[in-house]
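Student: Predicted structure and sequence below. I'll ask about it afterward.
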Amino acid sequence: MNTQDQSLLCGNSAHGCEAMMTPTDPLELRKLASWYREFAERAGNPAIWEARLRTAEDLETQAALIERGQLPATAEESARVR
């Protein structure tokens, strides 16, 4: 995984990856979904292939929900909803 990919997962590549965080920007979620699809094609194991595609679908769904306002786009908004 390169630095750009890591920054998608961590939110900030300068701090290292202490805790994996899901991006909250729909565009970043779709980039990450694309990344999972690309690596699904390289999987030699059908279970890994399926898991990566399922993850990509979940990320696409999350992006769509954020765009429709059905899912908080930031951690602060998420905390207020609770």
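Tutor: Here it is on my side, so go on.
Student: Which of the helices and strands in this structure ranks last by mean pLDDT?
Tutor: Every helix and strand in the chain was compared by mean pLDDT, DSSP states H and E; the lowest is helix 3-10, with a mean of 46.
Student: same for the longest helix seen in the chain, what does it pack against?
Tutor: For the chain, the longest helix by residue count, based on DSSP state H, is helix 46-67. If contacts are counted by 3 or more CB pairs under 8 Å, 6 or more residues apart in numbering; DSSP states H and E, helix 46-67 sits against helix 26-40. Every C-beta, even on glycine, is put in place using the N, C-alpha and C of the backbone.
Student: Does anything pack onto the helix it packs on? Which helices or strands?
Tutor: Under the contact definition 3+ CB pairs under 8 Å, 6+ apart, helix 26-40 sits against helix 3-10, helix 46-67.
Student: List the buried residues for stretch 53-61?
Tutor: For stretch 53-61, the neighbour count (16 or more other CB atoms under 10 Å) marks Leu53, Thr55, Ala56, Leu59, Glu60 as buried.
Student: Could I get the average pLDDT for that stretch?
Tutor: Averaged over stretch 53-61, pLDDT sits at 96.
Student: Please enumerate residues in contact with it?
Tutor: Stretch 53-61 is contacted by residues Thr22, Leu29, Arg30, Leu32, Ala33, Ser34, Tyr36, Arg37, Ala40 when judged by CB atoms under 8 Å, 6 or more residues apart in numbering.
Student: Pull the contacting residues for the nearest residue to the last one once chain neighbours are set aside.
Tutor: In this structure, Ala40 finds its nearest non-sequential neighbour in Arg52, 3.7 Å apart by CB to CB, 6 or more residues apart in numbering. For Arg52, the contact set (CB under 8 Å, 6+ apart) comprises Tyr36, Arg37, Phe39, Ala40, Ala43.
Student: Give me the neighbour count for the last one.
Tutor: Here the neighbour count serves as a burial measure; for Ala43 (other CB atoms under 10 Å) it reads 14.
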